[in-house]
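Novice: let's see this in three dimensions:
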Amino acid sequence: MAEALTRYQRAFRNWMIERGMRFQRTRYQRDDGAWTTEYCMAPARPARGRVVFVHGTGNEALFPQIGLFKRLLLRGFQLRAADLDGHGRTGTGTFDRARVRRAVPHMLGRAGRDARGPLHAIGESLGGALLLRGLADDAGEGVASAALISPPLGLHLGPGSLAAEAGGLLGRRALRPRRHYGLLGSIPAFGPFRRSTFPIRMKGSGSFGYLEEVRQLLRELDLARAAIAVARPTLLIAGESDRVVPPRHAARLHELLQDSELLRIRDGTHCTTSIAAETEEALVNWIERHTPS
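Specialist: Model (predicted):
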């Protein structure tokens, strides 16, 4: 049985219902037998297009993009987001590299069954890496455009980068989502902190070894090689102060992709680039630009 919605999920659902929109949470079984949770959000009027969002490392499907989701819903876009295997409070799958790689093809396939308007895809951090690999493997047939927020070629973790991220969480950018999540709800998971909201399920017990598994997954994805095969219009967004995934990663992908644009977010860290006002504005404009009027 699915667990109750968190406070911010419930507030978002109520916001949608008040505007005549549809908020649906479903559990579906993947071909490997694991269950995951998907959220389908539809505007009050017929959809102009569809957007699939793939979340980042350690998060869940609706974090931290509710602000972006609200803007896209008000503009008439249908949204889908699902918990990656090993993430979220209601799934059964563990974090397994082969299983996680199959997540994006599943998500795009489910969204593709609905033919209302063009299909766009957004991936954040790990989600961006998975999305890029999926597009290179032709999983995204019919995708009109893609956007990758802080896409990692690898992870740079150490005392300096972690201290910089912790400092960024105290700045004004980190407080921006509080109107959607509440003051404490806007803070992401950090190490063991907030793992009741953002659990990670690994083989065995606890979340030990998670980041090393993510590192290994990124090596297997080989994004520099994958990028060469992607011809769809792709927006890359990188934080200039991101020390976990330095902006040179997005710059390298920009060189390799056939059709891409690169946006740098001043003072953006790994945790704050995705919630920056400039990022949200750029994503909305990008999707509008690639949706026929």
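
Novice: from Leu157, how far off is Ala166?
Specialist: 13 Å (C-beta to C-beta, to the nearest Å). C-beta: built from backbone N, CA, C; applies to glycine.

Novice: show me where the stretch 51-200 of the chain has strands.
Specialist: Secondary structure of the stretch 51-200 of the chain (DSSP state E, counting those that start in this stretch): strands at 77-82, 119-124, 143-149.

Novice: return the most buried member of those strands.
Specialist: strand 119-124 (a mean of 27; mean count of other C-beta atoms under 10 Å).

Novice: roughly how far out does that one sit from the chain middle?
Specialist: Put simply, strand 119-124 sits 8 Å off its chain's centre (C-alpha atoms, centre = their mean, to the nearest Å).

Novice: got any ranges where the stretch 101-250 of the chain has weak pLDDT?
Specialist: Along the stretch 101-250 of the chain, segments meeting pLDDT under 70 span 190-191, 204-208.

Novice: and the helices in it?
Specialist: 103-112, 126-136, 159-168, 172-175, 178-181, 210-221, 223-227, 248-256 (DSSP state H, counting those that start in this stretch).

Novice: buried deepest among the ones you listed, which one?
Specialist: helix 126-136 (a mean of 27).

Novice: and that helix with helix 103-112, angle?
Specialist: Put simply, helix 126-136 runs at 70 degrees to helix 103-112, going by axes from the mean of the first three to the mean of the last three C-alpha atoms, to 10 degrees.

Novice: and the contacts of helix 126-136?
Specialist: Identification of contacts with helix 126-136 by C-beta atoms under 8 Å, 6 or more residues apart in numbering yields 53-57, 84, 100-101, 103-105, 108, 121-123, 140, 143, 146, 148-152, 214, 217-218, 221, 223, 226-227, 229-230, 232, 234, 253.

Novice: can you add distance to Ser293 and give the helices of the stretch 101-250 of the chain back as JSON lines?
Specialist: JSON lines is the format used below for the helices of the stretch 101-250 of the chain (distance: least, C-beta to C-beta, whole Å):
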{"stretch": "helix 103-112", "distance to Ser293": "21"}
{"stretch": "helix 126-136", "distance to Ser293": "25"}
{"stretch": "helix 159-168", "distance to Ser293": "38"}
{"stretch": "helix 172-175", "distance to Ser293": "32"}
{"stretch": "helix 178-181", "distance to Ser293": "28"}
{"stretch": "helix 210-221", "distance to Ser293": "35"}
{"stretch": "helix 223-227", "distance to Ser293": "30"}
{"stretch": "helix 248-256", "distance to Ser293": "28"}
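
Novice: which among these is found nearest to Phe63?
Specialist: Across the helices of the stretch 101-250 of the chain, Phe63 has its closest neighbour in helix 178-181 (7.6 Å, C-beta to C-beta).

Novice: from the contact counts, what lies against that closest one?
Specialist: helix 7-18, helix 66-74 (3 or more C-beta pairs under 8 Å, 6 or more residues apart in numbering; DSSP states H and E).

Novice: against which helices or strands is the first one packed?
Specialist: Okay, so that is helix 7-18. Using 3+ C-beta pairs under 8 Å, 6+ apart, helix 7-18 sits against strand 22-29, helix 66-74, helix 178-181.
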